[in-house]
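**Q** Fold the following and give me the result.
(one chain, ligands or ions: 1)
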Amino acid sequence: QSPMAPSSTNRGRRRVVLLPLPYQGHINPMLRLAAALYSRGLAITILHPETRAPDRRKLPADYRLVTIPDNIPPELAASEDIASFVFALNKNCAAPFRDYLAGALRAEEEGEDGRVAFVVADVDWFAPLSVARELGVAALALMTSSAARFLVYQAYPSLCRKGYLPVQESNFNTAVEELPPFLVRDLDRVMDMAQHLAYADLLAHIVAGVRQSSGLIINTSEDMEGREIERIRSEITLPVIAVGPLHMMTASSSVGSSLLTEDRSCLDWLDTQQPNSVIYVSFGSLVGIDTDEFLEMAWGLADSQRPFVWVVRPGLVHGCEFSTLPEELQKNIGSRGRVVSWAPQQEVLKHPSVVAFLTHCGWNSTTEGISEGAPMICRPLSSDQMGTSRYVCDVWKVGVRLEVENQLKRGDVQAAITRLMEGKEGEEVRERMKDLRHAVGKCTDEASMMSSTYLTVDSMESFNDVEAS
Ligand code: UDP
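**A** Numbers count the residues shown, from 1 in each chain. Model prediction:
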């Protein structure tokens, strides 16, 4: 363990201990929550497993970063077997977490440090959530994805019993009656039976952990998911706070959470482009595509004749590393396209040259796109992405689907771009995105954020009372 020495500005401040899950899409919202709590007067400790720990130098100087040993083999951390990874993290980190928290409580008693006000752990950290409660500390669970996604977690056992899961292609277009607006195709595509059972077991642990926590924070807003939030409130007896989207709760777009180095040169390149002309293309930090899809996507973008910025991160393309596009494509695209290995995404989306977002519909990317008013072209590939794409295209209607039959073809890409950028349908989609952006922005603007009761230190600490009552 390597706690930083407490700085003078932290002395006496109540402290919150935050425990992110080591994935980019989970670290970002947790560090944004940390920034929002810090600005409300709390001292911050980030507790992180050694695997993929954030770089101390990129975090605000006042934060403490404590890394805890996880003993996870690097192959498991890098594998797509998320259930085994998360189970192993919970098993291996529970004891170091207990040691840390017990030590922090002793330091507090001896007057060496400010009081630990509460712990916030990712919902996936079911073991530490229960350890915190055993030690008498309020433990809030953070759902970094949507409220709709949490409803899927809760419904998982009954969806299995009723035969929706594991999903079968023959059922893809069956409506999931318990979870409108989802069709079976929008659920997790874990088709291997052993993996499906492990995943179902993980979700059962997650839901049980949340139910025993002091409250659930969800990275969403009433304007996006009012009905879903209400439903969760009616199904669990805990306080449920729709807090976000969290990236809108902090003034700064960078909270030091990027695990890869951002290539900021694309911002200079965007400066040279026409306003509202560039398509930003990104598939987030995890999913991979095959070489055929990569090349068809590239040709589709080339054929669209529109400028684009495309994030091709290491590992995006299965089985080979592309750091640039093949020569023939490059010639065709000329200076119209810019490939980067990692972008300052929020700043790119904010840039006046960017007109649309071709996205995998990761939840953070989706909320970031909405807050910048970037209408979307959706190419969901796994996990919660299909469900989020359903909301983008059919509930909020602020994006179009990249329609694909079996394998992606370049014409599919071009067709989706044309649908969004030309004609009546695209115009309506773009108008609705402006409205949604406005609604979400209004509920999280600085003034309402500071006066709101849902993210004040007192409201968070009142969970201790809820617990006691
Ligand atoms: N991101 C980024 N630069 C990139 C691509 C992604 O900073 O080039 C960030 C993005 O802003 C988002 C996160 O990585 O906050 C990805 O999370 P998301 O939930 O969208 O997808 P995941 O990576 O979990 O699939």
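**Q** Now do stretch 277-294: distance from first to last residue.
**A** 22 Å (C-alpha to C-alpha, to the nearest Å).
**Q** Tell me the buried residues in it?
**A** Residues of stretch 277-294 classed as buried: 277-289, 293-294 (neighbour count, 16 or more other C-beta atoms under 10 Å). Just so you know, the C-beta spots here come from the backbone N, C-alpha and C atoms, and that holds for glycine as well.
**Q** near the ligand, from those?
**A** By C-beta under 6 Å from any ligand atom, the members of the buried residues of stretch 277-294 lying near the ligand are 282, 284-287.
**Q** so what does the helix or strand residue 303 falls within touch, helix or strand wise?
**A** Per DSSP states H and E: residue 303 is located in helix 291-304. The contact analysis (3 or more C-beta pairs under 8 Å, 6 or more residues apart in numbering; DSSP states H and E) places helix 291-304 against strand 278-282, strand 308-311, helix 327-333, helix 410-421.
**Q** a markdown table please, covering the ones you listed and showing mean pLDDT and distance to residue 147.
**A** As requested, those are arranged in a markdown table below (pLDDT from 0 to 100; distance: least, C-beta to C-beta, whole Å):
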| stretch | mean pLDDT | distance to residue 147 |
| --- | --- | --- |
| strand 278-282 | 98 | 24 |
| strand 308-311 | 96 | 27 |
| helix 327-333 | 88 | 40 |
| helix 410-421 | 97 | 26 |
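**Q** Could you export these as TSV, including distance to residue 237?
**A** Shown next, in TSV, are the helices and strands packed on helix 291-304 (distance: least, C-beta to C-beta, whole Å):
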stretch	distance to residue 237
strand 278-282	39
strand 308-311	42
helix 327-333	56
helix 410-421	43
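**Q** what about the helices in the stretch 351-469 of the chain?
**A** 363-371, 385-390, 410-421, 423-444, 446-451, 457-468 (DSSP state H, counting those that start in this stretch).
**Q** next one: the stretch 151-300 of the chain
**A** For the stretch 151-300 of the chain, the helices defined by DSSP H, counting those that start in this stretch occupy 193-211, 222-235, 265-271, 291-304.
**Q** continuing past the top helix by length along the chain, what's the next helix or strand?
**A** Looking across the chain with DSSP state H, the single longest helix is helix 82-109. Scanning forward in sequence from helix 82-109 by DSSP H and E, the next helix or strand is strand 116-122.
**Q** Just give me how far that next one sits from the chain centre.
**A** For strand 116-122, the separation from the chain centroid amounts to 19 Å (computed by C-alpha atoms, centre = their mean, to the nearest Å).
**Q** Contacts made by it with the rest, please.
**A** Here strand 116-122 makes contact (C-beta atoms under 8 Å, 6 or more residues apart in numbering) with 14-21, 26, 30, 33, 42, 101, 104-105, 108, 128-129, 132, 137-142, 144, 214, 217, 457, 460-461, 463-464.
**Q** Convert the C-alpha atoms of that strand to PDB, please.
**A** The C-alpha trace of strand 116-122 is given here as PDB (Å, rounded to 0.1, in the frame of the first residue of the first chain):
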ATOM      1  CA  VAL A 116     -14.200   8.600   6.600                       C
ATOM      2  CA  ALA A 117     -17.700  10.000   5.500                       C
ATOM      3  CA  PHE A 118     -18.500   7.100   3.200                       C
ATOM      4  CA  VAL A 119     -17.200   4.700   0.600                       C
ATOM      5  CA  VAL A 120     -18.300   4.600  -3.000                       C
ATOM      6  CA  ALA A 121     -17.600   1.400  -4.800                       C
ATOM      7  CA  ASP A 122     -18.400   0.300  -8.300                       C
END
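**Q** in stretch 80-89, what's buried?
**A** So for stretch 80-89, counting by 16+ other C-beta under 10 Å, buried means 82-83, 85-89.
**Q** Looking at the helices of the stretch 151-300 of the chain, which is nearest to residue 399?
**A** Nearest to residue 399, of all the helices of the stretch 151-300 of the chain, is helix 222-235, at 13.2 Å by C-beta to C-beta.
**Q** packing partners for that closest one?
**A** Using 3+ C-beta pairs under 8 Å, 6+ apart: helix 222-235 touches helix 147-161, strand 215-218, strand 240-242, helix 423-444.
**Q** Next, see if the longest helix of the chain gets close to the ligand.
**A** No: residues of helix 82-109 contacting the ligand under C-beta under 6 Å from any ligand atom: none, with a closest distance of 10.9 Å.
**Q** residue contacts, residue 187?
**A** Residue 187 touches 152, 159, 164-165, 167, 176, 386-387, counting by C-beta under 8 Å, 6+ apart.
**Q** rewinding a little: can you give me the angle the helix holding residue 303 makes with strand 278-282?
**A** 170 degrees (axes from the mean of the first three to the mean of the last three C-alpha atoms, to 10 degrees).
**Q** Residue 245: neighbour count?
**A** Residues near residue 245, counting by other C-beta atoms under 10 Å, number 24.
**Q** so it touches residue 218, yeah?
**A** No: checked against C-beta atoms under 8 Å, the pair residue 245 and residue 218 is beyond contact range at 10.1 Å.
**Q** sorry, back to before: same list, the contacts of residue 187, but as JSON lines with neighbour count and pLDDT please.
**A** Below are the contacts of residue 187 laid out as JSON lines (neighbours: other C-beta atoms under 10 Å; pLDDT from 0 to 100):
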{"residue": "152", "neighbour count": "22", "pLDDT": "98"}
{"residue": "159", "neighbour count": "22", "pLDDT": "96"}
{"residue": "164", "neighbour count": "23", "pLDDT": "94"}
{"residue": "165", "neighbour count": "25", "pLDDT": "94"}
{"residue": "167", "neighbour count": "21", "pLDDT": "93"}
{"residue": "176", "neighbour count": "21", "pLDDT": "97"}
{"residue": "386", "neighbour count": "21", "pLDDT": "98"}
{"residue": "387", "neighbour count": "27", "pLDDT": "98"}
